[in-house]
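Peer 1: mind looking at a prediction? Sequence and model below.
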Amino acid sequence: MIGAAGMIEAAPAAGNDFVTVKNTHFARSGKAYYIVGANFWYGGYLGAASGVGERARLLKELDNMKALGINNLRVLAVSEKTEMTSAVSPATTAAPGQYDENLLAGLDFLMAEVAKRDMTVVLYLNNFWQWSGGMTQYLNWFEGTPALDPNVTRDYETFMQKNAGFYRNAAAQAEYRNVIAKIVKRVNTITGKPYTEDTHILSWQLANEPRPGNSKSTPEEKAVYVKWIDDVAGYIHSLDKNHMVSSGSEGLAGSAQDAQLYLDAHRTKNINYLTYHLWPKNWGWFDSNNPSGTWDNAIGKSRDYLNTHIELAKKLGKPIVLEEFGLDRDGPSFSIKATTKIRDRFYREVFDVISTRAAKGDPIAGFNFWAWGGAGRAANADYWWKPGNDFVGDPPQEEQGLYSVFDSDVSSLLLIKEYADRLHAIKR
Ligand SMILES: O=C1NC[C@H](CO)[C@@H](O)[C@@H]1O
């Protein structure tokens with residue numbers, strides 16, 4: 001369609017209303033809206049017209065996800081240029097005020113194609129981790145400290161404690177707000193539509209997995225974190241009256257295991273719904289070199305984690321989205337040839353808890369598995385990403401194949417389809 005502005009307009013999609021919160025659920029065009037989602041951090045990268053862009057692949061990935069019943073994508077909106085080898089390049093912003101228009105237009109293209117398929121997108125505006133530059137890169141710009149790559153320092157506790165300095169650094173926060181305004185107030189160069197008017201954006205998200213500090217976060221760090229979430233979410237709402245805002249929190253694992261902190265950080269009216277993530281291997285509950293010996297521990301703790309957060313959502317009276325979860329391939333192996341029997345069993349366990357409690361009316365808004373690898377393939381024998389390689393579900397700070405769900409993982413895709421159908425069938 002050629003719109004009045006002479007711009008190419010996406011065909012009007014079915015549900016042309018914003019997703020909103022209705023009591024403790026999502027609603028859209030008067031109906032319940034459940035997220036059956038994929039993490040697709042690189043969706044905007046594939047949409048670029050040149051350089052890293054692979055628009056033909058993007059269209060195929062979106063069609064394949066749509067066919068499975070996937071209706072939502074969680075996407076990195078902004079990356080920061082950095083010296084760190086564990087980070088993606090190129091980056092959306094090379095320095096304060098300098099932007100890569102090719103990548104920004106890639107996000108435009110993604111949003112235009114998402115609209116044609118009536119999907120929705122959660123766009124996160126920063127990253128607590130280093131794989132897109134993120135908060136440590138802001139501190140390099142404004143504190144002059146080296147951007148810290150935990151893959152190099154092997155010291156996550158120090159990384160997390162120093163990264164929390166981002167919330168207190170006034171110059172970094174000012175630039176972060178400039179970047180937020182750059183994206184939120186953008187006009188899509190493909191459709192001519194302002195992002196604030198795009199009903200296919202489900203929400204803006206402060207960052208990927210923001211944490212208050214490390215596992216020993218102090219009361220002062222926690223107070224700074226709670227205020228940061230409230231202030232930045234309020235700032236986004238001041239720019240955009242239409243869309244929801246979420247934090248991107250992992251839940252208790254990202255809140256120093258402090259439930260009161262998680263509640264305090266998400267009580268504000270500026271946070272419209274809750275998020276949590278589930279990582280049994282990352283958190284040491286599951287040892288993929290000893291699967292039979294650690295499975296019971298992993299699945300028991302995972303079920304507890306799921307149910308605990310649904311209960312926390314009840315306490316706050318807000319919907320909650322499980323927006324990341326994953327497990328590695330059998331072996332363990334990064335190879336696409338490896339089977340995924342254990343991961344499929346884990347996915348089914350997670351889906352069963354989510355779909356059963358959603359059907360009962362619990363404040364569940366859906367899930368996003370981590371992460372869509374699709375047609376992407378690891379390029380190097382050591383499975384590490386290098387500039388120019390395919391993008392897969394695993395960002396550059398992890399082996400390419402660790403948690404990705406590829407288009408050849410048929411058993412996993414069928415499982416996702418099975419549970420997509422279940423969630424979409426829930427009537428509220
Ligand atoms: O946000 C995230 N959570 C866990 C993923 C897998 O380890 C990781 O790749 C990503 O940084």
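Peer 2: Good, I have the coordinates. Being a predicted model, the structure only gives us computed values, none of them experimental. Numbering: from 1, shown residues only.

Peer 1: near the residue of the stretch 1-150 of the chain found nearest the ligand, how many other residues are there?
Peer 2: Nearest to the ligand in the stretch 1-150 of the chain, going by C-beta to the nearest ligand atom, is Trp129, at a distance of 4.4 Å. (C-beta placed from N, C-alpha, C; glycine too.) A count of neighbours around Trp129, defined by other C-beta atoms under 10 Å, yields 25.

Peer 1: who's in contact with it?
Peer 2: Residues near Trp129 by C-beta atoms under 8 Å, 6 or more residues apart in numbering: Asn208, Glu209, Pro395, Gln397.

Peer 1: ok, Tyr225 next?
Peer 2: Counted by C-beta under 8 Å, 6+ apart, Tyr225 has contacts Ala164, Tyr167, Pro210, Arg211, Pro212, Gly213, Ser217, Leu261, Ala265.

Peer 1: can you check Pro280 too?
Peer 2: Phe286, Ala298, Ile299, Lys301, Ser302, Leu327, Phe346.

Peer 1: pull the CA atoms of the host helix or strand of Lys227 into CSV?
Peer 2: Per DSSP states H and E, Lys227 falls inside helix 219-239. In CSV, the C-alpha atoms belonging to helix 219-239 read as follows (Å, rounded to 0.1, in the frame of the first residue of the first chain):
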residue,chain,number,x,y,z
PRO,A,219,20.7,-1.6,50.7
GLU,A,220,21.9,1.6,49.1
GLU,A,221,22.5,-0.2,45.8
LYS,A,222,19.0,-1.7,46.0
ALA,A,223,17.4,1.7,46.7
VAL,A,224,19.3,3.3,43.7
TYR,A,225,18.0,0.4,41.5
VAL,A,226,14.4,0.8,42.7
LYS,A,227,14.5,4.5,42.0
TRP,A,228,16.2,4.0,38.6
ILE,A,229,13.5,1.7,37.4
ASP,A,230,10.7,4.1,38.5
ASP,A,231,12.4,7.2,37.1
VAL,A,232,13.3,5.7,33.7
ALA,A,233,10.0,3.9,33.2
GLY,A,234,8.3,7.2,34.0
TYR,A,235,10.5,9.0,31.5
ILE,A,236,9.5,6.6,28.8
HIS,A,237,5.8,7.0,29.6
SER,A,238,6.4,10.8,29.3
LEU,A,239,7.6,10.3,25.7
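
Peer 1: show me the contact partners of the helix or strand hosting Tyr262.
Peer 2: Assigned by DSSP H and E, Tyr262 belongs to helix 259-266. The contact list for helix 259-266 (C-beta under 8 Å, 6+ apart) reads 212, 217, 222, 225-226, 229, 247, 249, 251-252, 255, 271, 274, 308, 312, 315-316, 318.

Peer 1: ok, of these, which come out buried?
Peer 2: 212, 217, 222, 225-226, 229, 247, 249, 251-252, 255, 271, 274, 312, 316, 318 (16 or more other C-beta atoms under 10 Å).
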